[in-house]
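Trainee: Predicted model, plus sequence, below.
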Amino acid sequence: MDTQISPAQWKIFAEVYEPPHQAQLISPSLPKYSGTSKCFPQVLSTSEQTADSKIGSLTFQGNNIKVNKVIIPLLKKIDQEIKTENLNYKLKLGTPYTWRCVNSPKVNIVDKTTCLDNKGIVQRSKHSYGLAIDINPSTNPFCLVRPDGTNYYKTKEGIEVECKKYNGKYYDLPEEIIQIFKANDFRWGGDFSDAKDYMHFDWQGNLGDFKGNGNIEPYSNSK
């Protein structure tokens, strides 16, 4: 008598022949961010709807913005510290909260729904979770870096153009603002190595409102 194979033993073509990373295209997965705390995955979301439920609003340097609720007290503290410096610098902000993939010429996104890149890595921007903020993009640009340290960007035609300098620097952000953000658990894009995102600050996950009580506490004390 012939032995019959049960339906459960059959596999579809894609399961046998598709590359392993293709499975991520079907079900959303969370990206991994180097240098962040162990709590960081807890504030991420697999869908825009879930991310939206974690968003709150505040006024920052005269700008009404939406960010993740966990960093609202931190940004209020940063806002006050910048005011105390009494700097003659007008802050104009990009959109802190917007559901999108990483936007960089160094990243090749192959699926815009999951933000999967050509190396099988999920490359979703921290702006998707309201955990990043861009300041004055027009004068603090995203630049690529040559081996000799000069900064440039590429036009749509692929022509390399040197990024503009402000008093000898490729950005005009006052150092006081940069240091205030960094002292309050934010990373600055100007410290990136192979590309510079001078406008960009993103949260590292060590300090924040983890208990939802409006206070700032270290993650280790929030459990």
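Mentor: That came through, no problem.
Trainee: shaky segments in this protein?
Mentor: Applying pLDDT under 70 to the chain flags residues 1-28, 221-223.
Trainee: can you map out the helices along it?
Mentor: Taking DSSP state H, the helices of the chain run over residues 13-17, 23-26, 48-52, 72-85, 175-183.
Trainee: Kindly check the end-to-end length of stretch 89-101 for me.
Mentor: One end of stretch 89-101 sits 30 Å from the other (CA to CA, to the nearest Å).
Trainee: Tell me how many other residues surround the nearest residue to Lys69 once chain neighbours are set aside.
Mentor: Among residues not flanking Lys69 along the chain, Gly56 sits closest, at 4.2 Å (CB to CB, 6 or more residues apart in numbering). Any C-beta I mention is one placed from the backbone N, CA and C, and that applies to glycine too. When neighbours are counted by other CB atoms under 10 Å, Gly56 registers 15.
Trainee: Could you do Asn108 as well?
Mentor: Around Asn108 there are 10 other residues, counting by other CB under 10 Å.
Trainee: just checking, it touches Asn118?
Mentor: Yes. Taking contacts as CB atoms under 8 Å, Asn108 lies within contact range of Asn118: 4.5 Å.
Trainee: on that earlier part again, who wins for proximity to Asn140 among the helices of the chain?
Mentor: Closest approach to Asn140 among those (CB to CB): helix 175-183, 10.0 Å.
Trainee: ok, back up a step: just so I know, which of the helices of the chain lies nearest Tyr198?
Mentor: Closest approach to Tyr198 among the helices of the chain is made by helix 175-183 (9.4 Å; CB to CB).
Trainee: how about the strands in the protein?
Mentor: Counting by DSSP state E, one finds strands in the chain at the ranges 55-60, 63-68, 109-111, 116-117, 132-134, 142-145, 151-154, 160-162, 186-188, 195-197, 200-203, 207-208, 217-218.
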